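Participant: Please find the sequence and the predicted model below.
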Protein chains: 2
Amino acid sequence: MFSRACEYAIKIMIYIAVNEQEGRRTGVKEISGAINSPEAFSAKILQQLVKSKLLISYKGPTGGFELAPNEQIKLVDIVKAIDGNKLLESCVLGLENCSAKNPCPVHFKFIEIRDRLKETLLSTEIRDPQLITKGID
Amino acid sequence: MFSRACEYAIKIMIYIAVNEQEGRRTGVKEISGAINSPEAFSAKILQQLVKSKLLISYKGPTGGFELAPNEQIKLVDIVKAIDGNKLLESCVLGLENCSAKNPCPVHFKFIEIRDRLKETLLSTEIRDPQLITKGID
DNA sequence: ATAATAAAAGATTAATTTATCCTTTATTAA
DNA sequence: TTAATAAAGGATAAATTAATCTTTTATTAT
């Protein structure tokens, strides 16, 4: 469903949110240890999340990452930042001109699944207390 | 959502179903031309579909492919044959031990989307007249 | 100021997926 | 029975994704 990088990204964001609750800034090494992801690869993903303004980074000792403040960060923002919007917008059969007016054979079978997916990604906020309690490794 | 190969596979199966309606056996060249897929790659996918018993192949002149007879072929069969059941069974965050009893942070957010997807794949039959009318290229 | 720390950046490698090419095998029709 | 046809099989190449390694830049605390 999501790329490996995107799976890591979601876990990363949730883990940083957990630490935010406790007022702690989080570094790459701690994150990759906690979510069991390769450190250097995680660092690349963190860079993308910073460029996408979902995180703020700090260098040097005491450095690390924090969630972008005063922002509602939703799952959909993470997915778009890492995987783009192919999953959310493109035809499941990869047809260029598929639409309600010119539907592919399975268009109407999948449109509601996709809408349901979008709705879930849009309504799930990364600071949701429900999210930040459960296992992530 | 699906791999490129799986997108091709679904289009291939629908196209063969269209021809079955007209009593025509279909060859790789015609198929790849009709659905706009690379011929040699399509041939590999066709081989997999034959190995998975979803198609029957015939060599030589007048050769080609037919749907496996007397079988209800569902979308889920195609997806499983090409992409396996990762999409249908694995945790969206890739966690090995994710389950209702030991849920990942997004488990319950996605479980119903997945169930909806499974239901659609299970209930969509490749010979459904609704499927085999619409554009596929 | 300087040493230590940690992220950023860039280059490279590995693995997987997508795609092509070439040879072999089976089948049909002349 | 032979030539043409079409799928099967195997090897290879290209592209994308995943992952690693090394150097640079910024920041903090001593």
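Facilitator: That came through, no problem.

Participant: Get me the contact residues on chain A for DNA strand C.
Facilitator: A:27-29, A:40, A:43-44, A:46-47, A:50-51, A:57-65 (CB under 7 Å from any atom of the strand). From N, CA and C alone the C-beta is placed, and that goes for glycine too.

Participant: Taking the centroid of chain A, which residue is nearest it?
Facilitator: For chain A, A:Ile78 is the residue whose C-alpha lies nearest the centre (CA atoms, centre = their mean; 2.8 Å).

Participant: Could you check how many residues crowd around A:Glu30?
Facilitator: Neighbour count of A:Glu30, defined by other CB atoms under 10 Å in any protein chain shown: 16.

Participant: any idea how far it is from A:Gly64?
Facilitator: 8 Å (CB to CB, to the nearest Å).

Participant: and the closest residue to A:Thr133 other than its chain neighbours, how many neighbours does it have?
Facilitator: Excluding its sequence neighbours, the residue lying closest to A:Thr133 (CB to CB, 6 or more residues apart in numbering or on different chains) is B:Pro105, at 7.7 Å. Residues lying near B:Pro105 (other CB under 10 Å) number 25.

Participant: Could you pull up the contacting residues of the residue nearest to A:Asp83 when sequence neighbours are not counted?
Facilitator: Nearest residue to A:Asp83 in three dimensions, chain neighbours excluded: A:Cys6, at 4.7 Å (CB to CB, 6+ apart). Listed by CB atoms under 8 Å, 6 or more residues apart in numbering or on different chains, the contact partners of A:Cys6 are A:78-79, A:82-83.

Participant: So which of these sit within helices?
Facilitator: Judged by DSSP state H, those include A:78-79, A:82-83 as members of helices.

Participant: before we move on, back to that, now render the contacts of A:Cys6 as a markdown table, adding pLDDT.
Facilitator: Shown next, in a markdown table, are the contacts of A:Cys6 (pLDDT from 0 to 100):
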| residue | pLDDT |
| --- | --- |
| A:Ile78 | 98 |
| A:Val79 | 98 |
| A:Ile82 | 98 |
| A:Asp83 | 98 |
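
Participant: Dump those residues into TSV; add distance to A:Ile14 as well.
Facilitator: Output for those, formatted as TSV (distance: CB to CB, whole Å):
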residue	distance to A:Ile14
A:Ile78	10
A:Val79	13
A:Ile82	14
A:Asp83	17
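
Participant: which residues does the closest residue to A:Gln72 other than its chain neighbours bridge with?
Facilitator: The shortest distance from A:Gln72 to any non-neighbouring residue, by CB to CB, 6+ apart, is to A:Glu125 (5.8 Å). With DSSP bridges applied, A:Glu125 shows beta-bridge pairing to A:Lys74.

Participant: Is it correct that A:Glu125 is in contact with A:Ile73?
Facilitator: Yes. A:Glu125 is within contact range of A:Ile73, at 6.7 Å (criterion: CB atoms under 8 Å).

Participant: out of these two, which sits in the more crowded spot?
Facilitator: Counted by other CB under 10 Å, A:Glu125 and A:Ile73 do not tie: A:Ile73 has more neighbours, with 20 against 16.

Participant: My guess is the more buried one contacts A:Leu54. True?
Facilitator: Yes. Using CB under 8 Å, A:Ile73 is in contact with A:Leu54, at 5.7 Å.

Participant: Report the set of residues contacting both of the two.
Facilitator: A:13, A:67.

Participant: Done for today, thanks.
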